[in-house]
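A.B. asks: Can you look at this prediction? I've put the sequence above it.
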Amino acid sequence: MKLGKYLLPLYGILALIYLMVPIVYTIAFSFNDSNRTNIIWNGFTLDNWLNVCDAQGVCEAFGNSIVIAVASTVVATVLGTAISIALVRYKFKGRAATTLLLFMPMATPEVVLGAGLAAQFLNAGVPKGMLTVILAHIMFCISFVVVTVRARVAGIDPKLEEAGRDLYAKPSQVWWKITFPLLLPGIVSAALLAFALSFDDFIITNSNRGAVNTLPSFIYMAAARGIPAEANVLASAVFILAILAVIITQVGGEINRRRLKASA
Amino acid sequence: MSLTAFSHGPSGVAVEPAAQKKSRMVWFLLLPGLVYLGLFFITPLISLVITAFKEAPPGAFIGEYVNAFRWENYTEVLSLYGEHSVRSFLYAGAATLIALAIGYPLAYFIGVRLRPYPLWQSLALVLVIAPFFISFLLRTVAWKQLLADEGFIVGTMKAWSILPPDAHITGTSISVIFGLAYNFIPFMTLPLYSSIERLDLRLLEAGKDLYAGPVTSFRKITVPLTMPGIISGTLLTFIPAAGDYVNASANFLGSTSTTMIGNVIEANFLVLQNYPHAASMSLILMSAILILVSAYVFKSGTDDLL
């Protein structure tokens, strides 16, 4: 029993380290003084970070990825948040079908989603490009937004909204002054998740991008001849920003809760 | 589907659920999103069904097909790619088991042992979701280079005679399964965590009081109570793993002998431009997944799906 006490934490920490290994590797190799391929460690340099657009096409692909991720995140977050509120707060016919429809995109292999959309765009004669990629990304982000925001909606104490109404707040005031601020942490997490999913998506993107490159498709193509360190730089930079945002929302939320508990 | 760890709702604070109202307002909230999914999720599946029946007219160019009722597309892909399908399910199954073996203890550690330390708990969760924020392709390439023949890991294993001197890891089934397991561990761990986080430890104490050993209480109490997480995690790992084509691709962890269904669909769609074959292969994969999901829905209903 004593041994078991330390075995689990040890296993857990080892598992977390295992998850971190390729992340650390990717960030470390963004500082590699590599010339053609970025496989063997040649020594530390800041060159890749300072001249990140030197690798041909990488910055253009990165820009496309950002535009696609921002556009899909905004639309998917709005659509998904509305659905979450409906699911938690309202009674309606067809709830089981709605749940299933929201679940299925998460349960369908990406290669099938990608092929389906590609077949649809092909049959409809829509040329593949940025737009088709954004349309595809919104679709698979919606469900993940719903899953994330719904838990938050369920956690809001309806008495707070009632109190607002009792004090003669208009419905729009109840929404903007009470519900929305309480929902915001959930919406931010959902948006972060949607952004991450879109930014990193490769399989669905690849069948609908036509000649447009995103950062993942750039990396996939480059994998045949060697991925330039500049791709590591861009991925690492996004990682560091995203992880800071996640730590602020997750850990910040925890600290806030503690403070509330202490003052209560 | 219990990826709720992301929203980090107020855990442990019981909020009385709001009474559900009936109002036409609900359609204003639901319809835009549902119509979107109809247009870009349901109709693409219908497009796949139509495409899977198409045939090439006599003397057609590559990639030129007309509407038809060609069932042979299905029999052709099954005989051409049966081996790849079996391989996909075997690889995905093995990867799911490994992910469960790593993810369950990890989720238990975070959800139960770290429960008294909420700050550490949130930090550990951030580490679990961290892989989502750095390129999946670059992480896979990192493993390829770490597991390369001239790399440190394989070198050490050869020096300690764990591996014979002429052995490879990259390009084999082992490395593809390893890569799949690694890439989908967060999808396994997060649903497990949401189940385990809610586990009432007093039940385990009660088991102990009734002289249940640790193995018995794990089997009879912990596993049944965390079953929803186990099922969600298994589905969320197995499904994307079965359809993945990055890990198995020769430029990443695989070789020509590790080709999976995803690689076949990608090659038929984007390289060979054999759309009917790609579509019928996709539908075969999709129906296998649908069988899995309906087994789940029949057993547990739709309430806990999201």
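C.D. replies: It's in. Keep in mind that what you see is a predicted model, and the values were worked out from it rather than measured. Numbering: from 1, shown residues only, chains lettered A, B, ... in the order given.
A.B. asks: contacts, neighbours, all on C-alpha from now
C.D. replies: Fine.
A.B. asks: Would you confirm that residue B:264 contacts residue B:279?
C.D. replies: No: when contacts are counted by CA atoms under 8 Å, residue B:264 is not listed as touching residue B:279 (10.7 Å).
A.B. asks: Tell me which of these two has more neighbours.
C.D. replies: residue B:279 (30 against 21; other CA atoms under 10 Å in any protein chain shown).
A.B. asks: which parts of the helix or strand encompassing the more buried one are buried?
C.D. replies: Counting by DSSP states H and E, the element that carries residue B:279 is helix B:275-300. By 16 or more other CA atoms under 10 Å in any protein chain shown, the buried positions in helix B:275-300 come out as B:275-286, B:289-290, B:293, B:296.
A.B. asks: pLDDT value on the residue nearest the centre of chain B, please?
C.D. replies: Central residue of chain B (CA atoms, centre = their mean): residue B:237, 2.4 Å from the mean position. Residue B:237 carries a pLDDT value of 93.
A.B. asks: again, but for the one 4 residues further on
C.D. replies: According to the prediction, residue B:241 has pLDDT 94.
A.B. asks: Could you find the closest non-adjacent residue to it?
C.D. replies: Sequence neighbours aside, residue B:92 is the residue nearest to residue B:241 in space, at 5.1 Å (criterion: CA to CA, 6 or more residues apart in numbering or on different chains).
A.B. asks: where's that neighbour relative to chain A, distance?
C.D. replies: Counting by CA to the nearest CA, to the nearest Å, the separation of residue B:92 from chain A is 12 Å.
A.B. asks: what separates that residue from residue B:104, distance-wise?
C.D. replies: Remark: distance between residue B:92 and residue B:104 (CA to CA, to the nearest Å) = 17 Å.
A.B. asks: ok, now residue A:223?
C.D. replies: In terms of CA to CA, residue A:223 sits 33 Å off from residue B:104.
A.B. asks: cool, and residue A:214?
C.D. replies: Separation of residue A:214 from residue B:104 (CA to CA) stands at 34 Å.
A.B. asks: quick revisit: what is the subsequent helix or strand relative to the helix or strand harbouring the residue nearest to the centre of chain B?
C.D. replies: In the assignment (DSSP H and E), residue B:237 maps to helix B:227-243. Beyond helix B:227-243 on the C-terminal side, the first helix or strand identified by DSSP H and E is helix B:261-266.
A.B. asks: then that following helix to CSV, C-alphas only?
C.D. replies: The C-alpha trace of helix B:261-266 is given here as CSV (Å, rounded to 0.1, in the frame of the first residue of the first chain):
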residue,chain,number,x,y,z
ILE,B,261,-7.6,3.3,-44.7
GLY,B,262,-6.9,7.0,-44.4
ASN,B,263,-3.9,6.8,-46.7
VAL,B,264,-6.0,4.9,-49.3
ILE,B,265,-8.8,7.5,-49.2
GLU,B,266,-6.3,10.3,-49.5
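A.B. asks: what helices or strands is it leaning on?
C.D. replies: helix A:110-124, helix B:72-108, helix B:227-243, helix B:275-300 (3 or more CA pairs under 8 Å, 6 or more residues apart in numbering or on different chains; DSSP states H and E).
A.B. asks: State the number of residues packed around residue 217.
C.D. replies: Since no chain was named, I'll use chain A. 21.
A.B. asks: Please refer instead to chain B.
C.D. replies: 19.
A.B. asks: Which ones among the buried residues of helix B:275-300 also lie next to chain A?
C.D. replies: The subset of these within reach of chain A, by CA under 8 Å from any CA of the partner chain, is B:275, B:278-279, B:282-283, B:285-286, B:289, B:293.
A.B. asks: from what I can see the residue nearest to residue B:241 touches residue B:178, true?
C.D. replies: No: Residue B:92 lies out of contact with residue B:178 (CA under 8 Å); the separation is 10.3 Å.
A.B. asks: Comparing these two, which shows the higher neighbour count?
C.D. replies: residue B:92 (25 against 21).
A.B. asks: How confident is the prediction for the more buried one, by pLDDT?
C.D. replies: Residue B:92 is assigned 96 on the pLDDT scale.
A.B. asks: Could you do the one 4 residues further on as well?
C.D. replies: Per-residue confidence (pLDDT) for residue B:96: 96.
A.B. asks: Next: residue A:96.
C.D. replies: Residue A:96 is assigned a pLDDT of 89 by the prediction.
A.B. asks: Tell me, how many residues neighbour it?
C.D. replies: Applying other CA under 10 Å, we find 14 other residues in the vicinity of residue A:96.
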